[in-house]
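# Next input, structure requested:
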Amino acid sequence: MLRAAIAALAALAIAACGSTGGASNVANGSGFSAAGATAPYLTIDQAAAFAKQIERDLAAKGARLAIVFRAGESRDKLREGIAYSHGAFWAYMPVTLDDGRTVNGYAVYNLYRGDGESLPVDKSYLHQDFPLDFIASTGVDDVGVIIPSPEVQRRILEIMASPTYEALHIKPYSVVSNPHNAKYQNCNEFMLDVLAAAIWETTDMAQIKVNLAAHFKPTVVKTNVFERMFAPMADASIKTDDQDGEIVTATYESMSVFMEANGLTKAVYVLPRDTSADAPAGN
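Predicted structure coming up:
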């Protein structure tokens, strides 16, 4: 029975929103994956080049605010129908460098789960870092991008600059949190709640969940009875008591479909990493 629980845990794909990422912590294991990453997929130079490529792409499209998704593991370790595991807001704004200079660039706004030491793994926190931090933990050569419509960008940025942003954070965490329920949150559900607050112009979480239940179809995470039974016992970051039957959660796939169907996007696309500059002996 214990072996079954461990196997179920590995298959369920824990660690959707890993603890603080970054070049110094590339092995945080973000992803609906079979296990946490054990080594960085990209070299630091490759990650820096990819991060800059994404920034240039967003800037060329005039995005003041974008929703970007990465996969923390290789695709063969992700759940069927789920291409990315961690998403974050990328906001174009003045950024202060270590040397004190201020430049315009993208800052990345994440929800991360606790690391089990400074914060329990079933709790989360909001953290701002930068494109390199985000990309350093990728396990694949592309990112998913949603650029909201200009009006939705404006509304989200307005929320991010106000106390509403933190007020929409639900600290109890589940890797597969149900986006129709306010008991837990993961990184993608947090962004969905901020989006909902922007489009329906409400800060009432109960109303946000009512609206999402009526209009947002979440992604079904394919699991079996053993996974649903034993995974929550084996890992505190997996909670299923907010679910009703199937395990559902918010993903790049379900969020992009929802936003496109309701005219909330300027662009939705997958951006492949430019590998032309990679050394022949690279990854």
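# Identify, by residue count, the longest helix of this protein.
Longest helix in the chain, counting residues (DSSP state H): helix 44-60.
# Residues touching it, excluding its own?
Applying Cβ atoms under 8 Å, 6 or more residues apart in numbering, the contact partners of helix 44-60 are 23, 26, 40, 42, 66, 68, 90, 92, 105-106, 130-132, 134-136, 138, 143, 145, 147, 271, 273-274, 277-278, 282-283. Yep, even glycine has a C-beta here, placed from its N, CA and C like the rest.
# again, 7 Å this time
23, 42, 66, 68, 90, 105-106, 131-132, 135-136, 143, 271, 273-274, 277-278 (Cβ atoms under 7 Å, 6 or more residues apart in numbering).
# With stretch 251-265 instead?
Here stretch 251-265 makes contact (Cβ under 7 Å, 6+ apart) with 69, 81-84, 87, 144, 146-149, 152, 188, 192, 199, 216-219, 268.
# What of stretch 161-175?
Contact partners of stretch 161-175, identified using Cβ under 7 Å, 6+ apart, comprise 14-16, 111, 113, 122-124, 126, 159, 182-186, 190, 193-194, 197, 203, 237-239, 242.
# next one: stretch 183-199
Contacts for stretch 183-199 (Cβ under 7 Å, 6+ apart): 16-17, 67, 86-89, 110-111, 124, 152, 155-156, 159, 164-165, 168-170, 172-175, 177, 179, 203, 208, 211-212, 239, 242, 249-251, 255, 264.
# Separate out the buried members of those.
Buried members of the contacts of stretch 183-199, scored by 16 or more other Cβ atoms under 10 Å, are 16-17, 67, 86-89, 110-111, 124, 152, 155-156, 159, 165, 168, 170, 173-175, 177, 179, 208, 211-212, 239, 242, 249-251, 255, 264.
# In helices, which of those residues fall?
Among the buried ones among the contacts of stretch 183-199, the residues falling in helices (DSSP H) are V152, R155, I156, I159, Y165, I208, N211, L212, M255.
# Closest one to G62 out of those residues, please.
Nearest to G62 out of those is V152 (Cβ to Cβ; 13.8 Å).
# Now for the closest one: which residues touch it?
V152 neighbours (Cβ under 7 Å, 6+ apart): A198, I199, L264.
# now G105
By Cβ under 7 Å, 6+ apart, the residues touching G105 are E55, V95.
# Mind pulling up the pLDDT for it?
Looking at G105, its pLDDT stands at 93.
# and if you look at I14?
On the pLDDT scale, I14 gets 39.
# What of A277?
On pLDDT, A277 comes in at 80.
# For it, the count of nearby residues, please.
A count of neighbours around A277, defined by other Cβ atoms under 10 Å, yields 9.
# Cheers, nothing more for now.
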